[in-house]
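Chemist: coordinates for the following, if possible.
(2 chains)
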There are 2 protein chains.
Amino acid sequence: MSDAAGISFRMCPIGFVRTPYGDSSEVPKGPGAEHKAEGVLEIRPDLEPGLTDIEGFSHLIVLWAFDRSDGYDLLVTPPTGDRPHGLFATRVPRRPNPLAMTVVELLGRDGASLRVRGVDMLDSTPILDIKPYLSAIPADRIRRGWLDDAEARRGSPQGKSE
Amino acid sequence: MSDAAGISFRMCPIGFVRTPYGDSSEVPKGPGAEHKAEGVLEIRPDLEPGLTDIEGFSHLIVLWAFDRSDGYDLLVTPPTGDRPHGLFATRVPRRPNPLAMTVVELLGRDGASLRVRGVDMLDSTPILDIKPYLSAIPADRIRRGWLDDAEARRGSPQGKSE
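Modeler: Alright, predicted model coming up:
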């Protein structure tokens, strides 16, 4: 493996997201959590031409930063689980790189602002990138490891859109 | 909108990916491109405990860096298109933050190495994060804007897994 010591990448916000959530305790979590909340992706005005034709896509991938998260543990017990799992087998916020991904539904665009449904970020969270959502793995081909097991033990619903 | 001037995030590789592609011209692109190539996610040995229980997931989201990409244009004509679109309505490598996302199928794990199918990165590309792929938007709810239009004009197939 190459030496990772010297390599790093500096990422700056392309904008910020407006959401109803001021505190992480307000964001729905765990089995059956539904993310129906509406929000606005406020993109930097200088980048507005980069949004040209984005209205044609029904869903967007938003890459954003866990900016209120610090450090990480390699083994974690997430809200959905009842025992520790490797952090890369979870979506916990405390990660070696504070990267998060959310798929949102695009409701409309007003200049450099995108109205979306399905936000699960805190208000004022920095956005790092937006990409069109193009296709998906068919649901019957997805296995979800410990999460399926944990949900089966709790009798919780699964298969929510994400 | 908050002032973005002072905010930035430094991201370091959690590992590197081994793929058959030494040059971007070798990576399948455009309408109907299929990513069936196998590769290996070589995660840093110190992070290996973070992979605990990852074997239970059939698909993984790999976030990685376009490390051989520089600068960006707000309007771009991607391989699949025949006219310019906003960069955020495309997946071109030259972006304000050089972030990329690929969904891969997990074939097996050997310590800190994950054998996967579906790589579309160049060999030795830095990996920034791995997350479990949990669910997907049903195919009949996805609209793909200019990409559907461009493919319809070319009579090309669509709906590949991604």
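Chemist: so where's chain A shaky on pLDDT?
Modeler: By pLDDT under 70, the low-scoring segments of chain A are A:1-5, A:30-32, A:156-162.
Chemist: how about the strands in it?
Modeler: Assigned by DSSP state E, chain A shows strands spanning A:9-11, A:15-18, A:38-43, A:59-65, A:75-76, A:85-86, A:99-110, A:113-117, A:125-132.
Chemist: for these, give me CSV that also has distance to B:Leu63.
Modeler: Just so you know, the C-beta spots here come from the backbone N, C-alpha and C atoms, and that holds for glycine as well. As requested, the strands of chain A are exported to CSV (distance: least, Cβ to Cβ, whole Å):
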stretch, distance to B:Leu63
strand A:9-11, 11
strand A:15-18, 18
strand A:38-43, 19
strand A:59-65, 7
strand A:75-76, 18
strand A:85-86, 16
strand A:99-110, 5
strand A:113-117, 20
strand A:125-132, 10
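Chemist: mind putting those strands in a markdown table, distance to chain B included?
Modeler: Listed next are these as a markdown table, based on distance: least, Cβ to the nearest Cβ, whole Å:
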| stretch | distance to chain B |
| --- | --- |
| strand A:9-11 | 4 |
| strand A:15-18 | 5 |
| strand A:38-43 | 5 |
| strand A:59-65 | 5 |
| strand A:75-76 | 6 |
| strand A:85-86 | 3 |
| strand A:99-110 | 5 |
| strand A:113-117 | 9 |
| strand A:125-132 | 4 |
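Chemist: export these as a markdown table, with columns for mean neighbour count.
Modeler: Shown next, in a markdown table, are these (neighbours: other Cβ atoms under 10 Å in any protein chain shown):
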| stretch | mean neighbour count |
| --- | --- |
| strand A:9-11 | 18 |
| strand A:15-18 | 24 |
| strand A:38-43 | 22 |
| strand A:59-65 | 23 |
| strand A:75-76 | 17 |
| strand A:85-86 | 22 |
| strand A:99-110 | 18 |
| strand A:113-117 | 20 |
| strand A:125-132 | 24 |
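Chemist: ok, which of those strands comes nearest B:Arg91?
Modeler: The closest of those to B:Arg91 is strand A:125-132. By Cβ to Cβ, the value is 5.6 Å.
Chemist: export the closest one as CSV, just CAs?
Modeler: Extracted C-alpha coordinates of strand A:125-132, given in CSV (Å, rounded to 0.1, in the frame of the first residue of the first chain):
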residue,chain,number,x,y,z
THR,A,125,-24.4,22.2,7.9
PRO,A,126,-21.7,22.8,5.2
ILE,A,127,-22.3,21.2,1.8
LEU,A,128,-19.3,19.8,0.0
ASP,A,129,-20.8,18.5,-3.3
ILE,A,130,-24.0,17.7,-5.1
LYS,A,131,-24.3,15.0,-7.7
PRO,A,132,-27.3,13.7,-9.7
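Chemist: strands paired with that strand, and their directions?
Modeler: Paired strands of strand A:125-132, with direction, are strand A:15-18 (antiparallel), strand A:59-65 (antiparallel) (DSSP bridges).
Chemist: that strand vs strand B:99-110, what angle?
Modeler: If you take axes from the mean of the first three to the mean of the last three Cα atoms, to 10 degrees, strand A:125-132 sits at 80 degrees to strand B:99-110.
Chemist: now strand A:125-132: how far from the chain's centre is it?
Modeler: Relative to the centre of its chain, strand A:125-132 is centred 9 Å away, using Cα atoms, centre = their mean, to the nearest Å.
Chemist: ok, the closest residue to A:Pro84 other than its chain neighbours - contacts?
Modeler: Nearest in space to A:Pro84, with sequence neighbours left out and distances taken as Cβ to Cβ, 6 or more residues apart in numbering or on different chains, is A:Leu75 at 4.2 Å. Contacts here follow Cβ atoms under 8 Å, 6 or more residues apart in numbering or on different chains; on that basis A:Leu75 touches A:84-87, B:49-50, B:52.
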